[in-house]
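J.: got a predicted structure plus its sequence, pasted below:
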Amino acid sequence: MDRLFLDASVLFSAAYSPASSLRQLWNLGDTELLASPFAIQEATDNLAIARPAQLPDLRALLATVNQVPDPPAAAVLPAGVTLPDKDRPILLSAMESQATHLLTGDVRHFGPYFGKNLGGVLVLRPGVYLVGRLKTP
């Protein structure tokens, strides 16, 4: 079973548009969707500014996402990984929750790590994950 940690960009984008292809993530079998309070709050704050009418959709999507704790203060990034302070809790929560994948649209900060396994978590763009999953019988 894949345990998919969804960062704020994925939550935001899925809620922003009812026609978003990212909503397919919620219909996959044999997966568990995860997010942290930090990621949920960032998505909520950004959606409240950009498209407040979609906040009920975000809440509905979150109803089927398992909320995992924010990382402990003592958590450290894997050797060689550098991320801005605002992105560190995302990877650390994914690692602490034993997610198999971190799905993020944040190319600027996570782009160098796409396709790499960091602390046991494979970092991917959500579309790449979906294409792989939908091709697999």
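T.: Nice, I can see it.
J.: by residue count, what's the longest helix in this structure?
T.: Looking across the chain with DSSP state H, the single longest helix is helix 37-50.
J.: contacts for the following helix or strand past it?
T.: Toward the C-terminal end, the helix or strand that comes next after helix 37-50 (DSSP states H and E) is helix 55-62. Applying CB atoms under 8 Å, 6 or more residues apart in numbering, the external contacts of helix 55-62 come out as 11-12, 14-15, 18, 23, 26, 35, 40, 43-44, 47-48. C-beta coordinates here come from the backbone N, C-alpha and C atoms, glycine included.
J.: any idea how far the helix or strand following helix 55-62 is from the chain center?
T.: Downstream of helix 55-62, the first helix or strand assigned by DSSP H and E is strand 66-67. Offset of strand 66-67 from its chain centre (CA atoms, centre = their mean, to the nearest Å): 11 Å.
J.: again with stretch 15-33
T.: 11 Å.
J.: got the end-to-end distance for it?
T.: 15 Å (CA to CA, to the nearest Å).
J.: one step back: list the buried residues of the longest helix of the chain.
T.: F38, A39, I40, E42, A43, T44, N46, L47 (16 or more other CB atoms under 10 Å).
J.: need those residues in TSV with pLDDT and distance to V68, can you?
T.: What follows is the buried residues of helix 37-50, written out as TSV (pLDDT from 0 to 100; distance: CB to CB, whole Å):
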residue	pLDDT	distance to V68
F38	97	10
A39	98	9
I40	98	10
E42	97	15
A43	98	15
T44	98	16
N46	98	20
L47	98	20
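J.: circling back: mind picking the two most distant members of the contacts of helix 55-62?
T.: Pairwise distances across the contacts of helix 55-62 (CB to CB) peak at 21.2 Å, for the pair W26 and A48.
J.: and G132, how far from V121?
T.: For G132, the distance to V121 equals 16 Å [CB to CB, to the nearest Å].
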